[in-house]
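[1] For reference, the sequence and a predicted model appear below.
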Amino acid sequence: MEHLVSSGKGAARRLTHARLLLLADTAAGGGHTDEQIVAALGVGLCTAGRVRRRLVTAGLPAALDPRPQPQRPDKIKIKGDVEQRLIQLACSEPPAGRCQWTLQLLADELVVLGLVESVSTETVRRALKKTTSSRGSSRRGASRPRPTPSTSGAWRT
């Protein structure tokens with residue numbers, strides 16, 4: 001762990017957990033209290049206790065690396081038929097008086113059609129981002145990369 005901390009290369013959370021465990025190590029003569037560790041590293045008291053407990057129960061790799069977040073399929077509002085209908089709406093003609101669909105217009109239209117009870121513009125954005133289709137471009141993504149101007153000062157030929 002000392003090599004990991006001294007190199008300073010790695011994920012910030014992993015390095016913080018390694019520093020926390022080094023400060024808590026009683027064999028090295030340190031053995032700081034949780035309050036001292038919290039003050040030194042700027043982490044929460046629960047984090048200090050949780051990392052130490054995970055070291056004892058699951059081992060060093062589990063204490064250093066964060067646990068992956070569980071899948072939340074029940075939180076996904078736009079999937080299947082609703083997602084298909086959203087894509088059809090986004091590719092269709094916009095409402096009268098508008099030149100294009102906005103995320104807010106799409107979200108409101110999904111609610112009006114009764115496909116969802118409520119939906120945020122961020123949920124609509126994520127659902128549209130998952131698709132590989134893009135209006136007006138043969139490439140993936142919504143925006144095209146712009147050429148960066150040369151900083152060399154040389155003439156373009």
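    Everything's here; your move.
[2] From now on I want contacts and neighbour counts done on CA atoms only, so please keep to that.
    Will do.
[3] Need the pLDDT of residue 37.
    At residue 37, the predicted lDDT confidence score is 87.
[4] ok, it to residue 48 distance?
    According to C-alpha to C-alpha, to the nearest Å, residue 37 and residue 48 sit 7 Å apart.
[5] Against residue 45, how distant is the spatially most central residue of the chain?
    Among the residues of the chain, residue 69 comes closest to the average C-alpha position under C-alpha atoms, centre = their mean, at 11.1 Å. Applying C-alpha to C-alpha, the value for residue 69 to residue 45 is 21 Å.
[6] now swap in residue 23 and tell me
    14 Å.
[7] out of the two, which sits in the more crowded spot?
    residue 23 (20 against 14; other C-alpha atoms under 10 Å).
[8] Verify the stated contact: that one with residue 31.
    Yes: using C-alpha atoms under 8 Å, residue 23 is in contact with residue 31, at 6.2 Å.
[9] Okay then, goodbye and thanks.
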